[in-house]
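1. Need coordinates for the below:
(one chain, ligands or ions: 1)
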Amino acid sequence: MSHASTIFDAILAGEIPCHRVYEDDHVLAFLDIGPVSRGHVLVIPKERAAHMHQLSDDSAAALGRVLPRLCRAVMKATGCEHYNLLQNNGAPAHQAVFHVHIHIIPRHEDGSGLGIEWKAGQLGDGEALASRIRDFIQ
Ligand code: 5GP
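-> Next comes the predicted model:
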């Protein structure tokens with residue numbers, strides 16, 4: 001499946017600059033241009049895919065492999081002890097750039113970091129739902 005070009009393709013191509021913190025054959029990580037907190041990093045696959053569910057297993061594995069290392073580096077570089085990983089899919093889910101990316105967002109002692117509104121509900125028919133999801137896993 002092909003996807004539309006985004007600003008992250010231009011960054012990957014070196015056509016627009018970024019503050020690069022990590023790169024390998026499958027992954028690029030760089031500072032977010034509008035950081036929610038100091039040390040806010042974006043981690044992207046080089047594969048062009050708009051949403052997580054469209055990403056290949058190989059790119060997903062490459063992202064997962066490097067994430068803990070990047071988190072440790074951000075922690076050491078900024079002194080944060082806590083952080084969030086955020087990955088938005090779809091405009092209603094707050095996605096603005098339609099190329100898969102994972103945010104690493106430090107939570108600092110001054111309170112800067114990701115604000116989360118989390119309204120926990122009731123699980124209800126948990127096993128029926130889990131079974132339905134299992135049925136769709138390929
Ligand atoms: P989203 O809401 O899609 O999950 O987040 C997209 C992120 O990309 C935002 O945090 C935004 O600041 C960042 N961003 C957008 N354009 C650029 C850019 O040209 N350079 C960098 N470094 N970050 C960008």
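2. Just checking stretch 12-28 against the ligand, any contact.
-> Yes: Stretch 12-28 reaches the ligand (CB under 6 Å from any ligand atom) through residue 18. The C-beta positions use only the backbone N, C-alpha and C, and glycine is treated the same way.
3. Would you mark the buried spots in that stretch?
-> 12, 18, 21, 26-28 (16 or more other CB atoms under 10 Å).
4. Spell out which parts of this protein neighbour the ligand.
-> 7, 18, 30-34, 42, 88, 94-97.
5. if you set the cut-off to 8 Å instead, what comes out?
-> With the criterion set to CB under 8 Å from any ligand atom, the chain comes near the ligand through 7-8, 10-11, 16, 18-19, 30-36, 40, 42, 86-88, 94-98, 101, 103.
6. Tell me where this protein has helices.
-> With DSSP state H as the criterion, the chain has helices at 7-12, 57-78, 126-136.
7. Give me whichever of those helices is most buried.
-> helix 7-12 (a mean of 18; mean count of other CB atoms under 10 Å).
8. contact partners of that one?
-> Contact with helix 7-12 is made by 16-18, 28, 30, 44, 46, 48, 97, 99, 101, as judged by CB atoms under 8 Å, 6 or more residues apart in numbering.
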